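Q: predicted model follows, preceded by the sequence.
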Amino acid sequence: MHDAEKTIGNIIDKQKVAFIGSMDGDGYPNMKAMLAPRKREGIKAIYFSTNTSSMRVEQYLSNQKASVYFYDGRFFRGVMLRGLMEVLTDSESKEMIWQSGDTMYYKKGVTDPDYCVLKFITQSGRYYSNFKSEDFEI
């Protein structure tokens, strides 16, 4: 892969779904499908919206280790990112990724206490394409 940030960024931007992983209290991995990220800073920081009351938020507050997977079915390629997930509840972060239709999920708007931001910080990853995989560091 010549330009990891560009190649992986293109995969991320074209997907409607991302899969996030967390660790439960017994040390087992948990996966969840999420809507596409709201924002990304290259491939180093990726932002999602979610409910503060969710099981996933509870798990990330206990153990920040996380993974995110993006799959491009058209070209049968994908990327798994490993890193840490931060749970952000400050006004600036919430406003940064807020979208007008979000009141469907968060009835009280951007200040809804059940609305928060997940910020994934990438440390490394594994890219799969053309029947080959390669690891990379950030």
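A: Thanks, I have it.
Q: list the buried residues of the biggest helix by length in the chain.
A: In the chain, with assignment by DSSP state H, the single longest helix is helix 4-14. For helix 4-14, a neighbour-count test (16 or more other Cβ atoms under 10 Å) marks 4, 7, 8, 11, 12 as buried. Where C-beta positions appear, they are placed from N, C-alpha and C, glycine not excepted.
Q: ok, now stretch 87-96?
A: For stretch 87-96, the neighbour count (16+ other Cβ under 10 Å) marks 87, 93, 94 as buried.
Q: check stretch 121-133 too.
A: So, applying 16+ other Cβ under 10 Å, buried residues of stretch 121-133: 121, 122, 125, 127, 129.
Q: can you tell me which of those are in helices?
A: Going by DSSP H, the helices hold none of the buried residues of stretch 121-133.
Q: nearest to residue 58 among the residues you listed?
A: Residue 58 has its nearest neighbour among the buried residues of stretch 121-133 in residue 121, at 19.1 Å by Cβ to Cβ.
Q: show me the contacts for that closest one.
A: Residues near residue 121 by Cβ atoms under 8 Å, 6 or more residues apart in numbering: 44, 45, 83, 84, 85, 86.
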